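Peer 1: okay, sequence plus prediction incoming.
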Amino acid sequence: MSAAPLRIIGIDPGSQITGFGILDTDGRSSVHVHSGCIRLPTGDFPQRLGVIFRELDAIIATHQPAVMAIEQAFLARNAAVALKLGQARGAAICAAVNRGLDVSEYAPRLIKQAVVGSGSAVKEQVQHMVMIMLALTRRPAADEADALAAALCHAHIGSSLGRLPQGFQRRRRR
């Protein structure tokens, strides 16, 4: 990497497992720093949200990313699942904002398209491409791979936006 790298934490929020992945990027290449899954205990849902917040807060404090890339909510099987996913996202976003990170949200289809080339890619394809793109020696768990894919999506889109004229960037954000 030639320019000073940007450290990104990607998040795949979940009410049972929340994946996270940290990478450094210079806009041309990305390097894996750390990744894994936060496996939430059974029991009261508010306590599980607290675990997401505390675990991500500690990971952010340790690895010092500058930005969080997180999956946007998608249509869930039912309203209860959608609400729980939204609350898990909220806990993750609060951990980032609490530490002063910028937060960028990406649709799952856009993340898959940025990493695999198809917005309808299956989890195994995402895992495979993340493993290749980051030269990982082991296949990441599905939620971990989704989080790394979110970070890679931000690295690709952020580097593209950085090359656009300033006026175009402002118009696109509206």
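Peer 2: It's in. Residues are numbered from 1 along each chain as shown.
Peer 1: so which elements touch the host helix or strand of Glu55?
Peer 2: If you go by DSSP states H and E, Glu55 is part of helix 45-63. Applying 3 or more Cβ pairs under 8 Å, 6 or more residues apart in numbering; DSSP states H and E, we find helix 45-63 packed against strand 6-12, strand 17-25, strand 30-39, helix 79-98. From N, CA and C alone the C-beta is placed, and that goes for glycine too.
Peer 1: neighbours of Arg99, how many?
Peer 2: The local packing of Arg99 (other Cβ atoms under 10 Å) involves 16 other residues.
Peer 1: again with Thr137
Peer 2: 6.
Peer 1: could you pull up phi and psi at it?
Peer 2: phi -90, psi -10 (degrees, to the nearest 10).
Peer 1: who's in contact with the nearest residue to Asp102 once chain neighbours are set aside?
Peer 2: Leaving aside its sequence neighbours, Asp102 sits nearest to Val67 (Cβ to Cβ, 6 or more residues apart in numbering; 4.6 Å). By Cβ atoms under 8 Å, 6 or more residues apart in numbering, the contact list for Val67 reads 6-9, 101-104, 154, 158.
Peer 1: appreciated, that's everything.
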